[in-house]
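Asker: Need coordinates for the below:
(3 chains)
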Amino acid sequence: MKTPLKDKDNIYEAIFEIVRLIPKGRVTSYGAVAAAIGAASGARMVGYAMNHTTGVRPKVPVHRVVNSKGLLTGKHHFSPPEKMQQLLEKEGILVKNDQVQDLEKVYWDPMKELTI
DNA sequence: CTTTTGACTACCT
DNA sequence: GAGGTAGCCAAAA
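Answerer: Down below sits the predicted model:
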């Protein structure tokens, strides 16, 4: 399995793949995903791509993507926003005040896990 | 083709 | 310690 994500012509697809690889009960940050695809400074691009997940097949678990502080910054873009926290809690992730609890425990580093 | 915005992050005050 | 500004890349107007 090679699939050099960095070779992806479409930056969106690269992001989608990384997010799709996030294990259940784990979350990651925009910066981590961005770094994994080679866009360390493109953290905003990651979030921007998330807007394209609506209608993308297969479905992308963007609800597992939070900011570096574990805050559900993009929950407002969900429909409904509450569903994002519900999904996270359902996977065993504690979310309090729109913030992921035990972030260091549920944090999933794509670069490290995927050994890119 | 130029300008603005954006689900972020890091540095500076 | 908290808040604000700048930087980053890419897409939409």
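Asker: contacting residues around the residue of chain A found nearest DNA strand B?
Answerer: Using Cβ to the nearest atom of the strand, the point where chain A gets nearest to DNA strand B is A:G74, with a distance of 1.6 Å. In short, each C-beta sits where N, CA and C put it, glycine included. Contacts were defined as Cβ atoms under 8 Å, 6 or more residues apart in numbering; by that measure A:G74 touches A:G47, A:M50, A:V62, A:V65, A:V66, A:M84.
Asker: Scan those residues and report the most crowded one.
Answerer: Across the contacts of A:G74, the neighbour count under other Cβ atoms under 10 Å reaches its highest value at A:V66, namely 28 neighbours.
Asker: dump the residue contacts of that one.
Answerer: Residues touching A:V66, when contacts are defined by Cβ under 8 Å, 6+ apart, comprise A:V27, A:T28, A:S29, A:Y30, A:L72, A:T73, A:G74, A:V100, A:L103.
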